[in-house]
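> Starting from these lines, generate the structure:
(one chain, ligands or ions: 1)
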Amino acid sequence: MSGPSRRAVLAGAATGAVATGIAQADATPAVLLSTWDFGVPANAAAHAVRQANGSALDMVEAGARVAEADVTNASVGIGGFPDREGHVTLDAVIMNGRGDMGAVCALEDIVHAVSVARRVMEATPHVILVGEGARTFALEQGFDTTRLLTPEAEAAWRRWLETSDYAPRANSENADWRGGASDHDTIGILGLDARGHMAGACTTSGMAFKMRGRVGDSPIPGAGLSVDDEVGAATGTGVGEDILRVSGANAVVEAMRAGLDPSAACQRVIERLARLRGDKIADHQVALLALDRQGRAGGYALRPGFTYAVTDAAGETRLARAESLFS
Ligand code: SD4
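Numbers count the residues shown, from 1 in each chain. The predicted model follows:
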């Protein structure tokens, strides 16, 4: 199923209509916001936690785990496409709005990287663990090992090896995320709990066929995710190297602190990136998403095609299509 019809089905389950554009996304106060079409089931799981009076941290962890466990989602958790040497390596971060945070980079063999990140936050004096150290820590914490490279992902990697052409495609997250040849799918999810606290999580296997050891923006606090109870939260998706160059999520939160609403804050940072990088980002997609503490939601992208799931306190979910700098 391709773009509009799939979106209509997903959104129809909740509201019967597909929201288009920022204005509609802003209309009802939101309590959950997440990237791409696959944010819809993630928000549903997160909202169930909210209904049970769970914390914002519990909400976003539950949502992120839905994408991680989905074997057909070709690059979050199990089923993710590997690096160019055939290893699936996961990056994840989780944080609340009071400066507590944990992250893992290049984690192998563990499905729920976001939950390992949460253990880093809660059970270590550190913020980030990487590679073998992260894996050893996860095993000590009782996480099970799983083969993350599925036959489908392995076949895609072997096909890729025939050309070894590393050219991430814009919006592949929505185009092919169920079993196709997508090369990156990150879920970034932002939540506001019933007590007014915020949290966020971001989890990915990063760019498919990346160099071994490559880490993008997603697990890096301030780049892939930023949360501040005083202001709001932001996350990003797309080419991580671009988001890192402008400290994307943190720049959005600071723009909101300075008084911009979420969509305007995202737009300001995307425009800044475009000025900074010019032709170097000609084929790239970068999208930013933000939720402020009043429940205003917004997103903005370099180019068309970025969608995000917005859920209100009653559990109504709709997909919004972000405006973009380029057409
Ligand atoms: C990365 N930003 O690893 C991630 C990829 C991504 O949707 O967002 N894909 O660079």
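> these two touch, right, residue 135 and residue 108?
Yes - the criterion here is Cβ atoms under 8 Å, and residue 135 meets it with residue 108 at 5.7 Å. The C-beta positions use only the backbone N, C-alpha and C, and glycine is treated the same way.
> more crowded one of the two?
Neighbour count, other Cβ atoms under 10 Å: between residue 135 and residue 108, residue 135 has more, with 21 against 18.
> Please list all residues in contact with that one.
107-110 (Cβ atoms under 8 Å, 6 or more residues apart in numbering).
> Tell me the most packed of these, by neighbour count.
With neighbours taken as other Cβ under 10 Å, the top of the contacts of residue 135 is residue 107, carrying 30 neighbours.
> is it true that that residue touches residue 93?
No - the pair residue 107 / residue 93 is not scored as a contact, 11.5 Å apart, by Cβ under 8 Å.
> tell me the secondary structure for the closest residue to residue 239 other than its chain neighbours?
Excluding its sequence neighbours, the residue lying closest to residue 239 (Cβ to Cβ, 6 or more residues apart in numbering) is residue 284, at 4.5 Å. Following DSSP: H, G, I helix; E, B strand; the rest coil, residue 284 is assigned to coil.
> Residue 284 and residue 307, how far apart?
According to Cβ to Cβ, to the nearest Å, residue 284 stands 17 Å off from residue 307.
> If you count surrounding residues, which of those two has more?
Higher neighbour count among residue 284 and residue 307: residue 307, with 27 against 17, using other Cβ under 10 Å.
> And for the chain, the residue most distant from the center?
Most distant residue from the mean C-alpha position of the chain: residue 162, 29.6 Å away (Cα atoms, centre = their mean).
> can the longest helix along the chain be found next to the ligand?
Across the chain, the longest stretch assigned as helix under DSSP state H is helix 262-277. No - judged by Cβ under 6 Å from any ligand atom, helix 262-277 and the ligand are separated, with a smallest distance of 13.1 Å.
> Output the contacting helices and strands for that helix.
The contact analysis (3 or more Cβ pairs under 8 Å, 6 or more residues apart in numbering; DSSP states H and E) places helix 262-277 against helix 22-27, strand 232-238, helix 240-245, helix 248-257, strand 286-292, strand 297-301, strand 323-324.
> Residue 311 against residue 41, yeah?
No - counting by Cβ under 8 Å, residue 311 does not reach residue 41; the two are 11.1 Å apart.
> For these two, indicate the residue with more neighbours.
Per other Cβ under 10 Å, whichever of residue 311 and residue 41 has more neighbours is residue 311, with 27 against 19.
> before we move on, back to that, compute the distance between the residue farthest from the centre of the chain and the ligand, please.
Using Cβ to the nearest ligand atom, to the nearest Å, residue 162 is found at 23 Å from the ligand.
> swap in residue 324?
15 Å.
> same thing with residue 39?
Look at residue 39 and the ligand: by Cβ to the nearest ligand atom, they are 12 Å apart.
> Same check on residue 98?
Counting by Cβ to the nearest ligand atom - residue 98 and the ligand are separated by 25 Å.
> ok, that residue - contacts?
197, 229.
> And the pLDDT at it?
The score at residue 98 is 98. That number is its pLDDT.
> Please work out how many residues are found near residue 163.
Neighbours of residue 163 under the rule other Cβ under 10 Å: 8.
> actually residue 197, sorry about that
18.
> Same question for residue 203.
Residue 203: 36 surrounding residues under other Cβ under 10 Å.
> mind checking the backbone torsions on it?
In terms of degrees, to the nearest 10, the main-chain angles of residue 203 are phi -140, psi 140.
> Quick check: phi and psi at the residue lying closest to it once chain neighbours are set aside.
Spatial nearest neighbour of residue 203, chain neighbours left out: residue 92 (3.9 Å); criterion: Cβ to Cβ, 6+ apart. Here is the backbone geometry of residue 92 (degrees, to the nearest 10): phi -150, psi 150.
> my read: residue 92 touches residue 113, true?
Yes - shown here, residue 92 and residue 113 form a contact pair, counting by Cβ under 8 Å, at 3.7 Å.
> Overlap of the contact sets of these two?
By the contact definition Cβ under 8 Å, 6+ apart, residue 92 and residue 113 are jointly contacted by 104, 107, 203.
> Is the first one in a helix, a strand, or coil?
Right, the one you point to is residue 104. Residue 104 ends up strand, using three-state DSSP.
> So what pairs up with it in the strands?
For residue 104, the beta-bridge partners under DSSP bridges are residue 92, residue 129.
> For burial, what's the neighbour tally of residue 125?
Using other Cβ under 10 Å, residue 125 has 5 other residues around it.
> Check which helix or strand it maps to.
Residue 125 is part of no helix or strand, with elements assigned from DSSP states H and E.
> pLDDT score assigned to it?
Looking at residue 125, its pLDDT stands at 98.
> ok, it to residue 136 distance?
For residue 125, the distance to residue 136 equals 16 Å [Cβ to Cβ].
> Pretty sure residue 252 sits against residue 264.
No - using Cβ under 8 Å, residue 252 is not in contact with residue 264, being 9.9 Å away.
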